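A.B. asks: next one to model:
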Amino acid sequence: MPSFKVDTSTAVVFVAAAPAPKLVSKQTGERSMDRDTGAALCTVGLLISDEGEGNLYQVTVPETGLPEGLAPGMPVRVIGLKARDWENTFNGQSRHGISFRAVALTVGV
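C.D. replies: Now for the predicted structure:
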């Protein structure tokens, strides 16, 4: 599936939820890994506000792209944010949505 660049250059971005390990399986605790670099992946909740509208997004970021001490309320810049649509069927149920992935986050506005 193709991915699309998301421009956050005019947005204000804050951490809404601290980074948490992204798991392949909750039962086994197996971590999701970046296929290209082998880096462990995390999910970070970001509040992105632009043009008078704010939305909460769950963004996947490699651990290597996360600054130390990232905590809720901190302003951040998002590097290389992309959106990708997805669809799958599990137990006969069709699900779909949009996933967000960034190369890195940096602290500050």
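A.B. asks: please make it C-alpha for all contacts and neighbour counts, starting now.
C.D. replies: Noted.
A.B. asks: look up how far Ser3 lies from the residue of the chain positioned farthest from its centre.
C.D. replies: The C-alpha centroid of the chain is most remote from Gly92, which lies 27.4 Å away (C-alpha atoms, centre = their mean). Distance of Gly92 to Ser3, given as C-alpha to C-alpha, to the nearest Å: 26 Å.
A.B. asks: surely Arg77 is in contact with Val13?
C.D. replies: Yes. At 6.5 Å, Arg77 and Val13 qualify as touching, with contact defined as C-alpha atoms under 8 Å.
A.B. asks: looking only at neighbour counts, state which of those two leads.
C.D. replies: Taking other C-alpha atoms under 10 Å, Arg77 and Val13 do not tie; Val13 has more neighbours (24 against 18).
A.B. asks: dig out what the more buried one forms beta bridges with.
C.D. replies: Applying DSSP bridges to Val13 gives these bridge partners: Ile48.
A.B. asks: wait, what's in contact with it?
C.D. replies: Leu46, Leu47, Ile48, Ser49, Pro75, Val76, Arg77, Val78, Val109 (C-alpha atoms under 8 Å, 6 or more residues apart in numbering).
A.B. asks: any idea of the pLDDT on it?
C.D. replies: pLDDT, Val13: 97.
A.B. asks: likewise for Val109?
C.D. replies: 68.
A.B. asks: now do Leu41
C.D. replies: So Leu41 comes in at 97 (pLDDT).
A.B. asks: what's the neighbour count on the nearest residue to it once chain neighbours are set aside?
C.D. replies: The shortest distance from Leu41 to any non-neighbouring residue, by C-alpha to C-alpha, 6 or more residues apart in numbering, is to Pro62 (4.4 Å). By the criterion of other C-alpha under 10 Å, Pro62 has 23 neighbours.
A.B. asks: with that, I have no additional questions.
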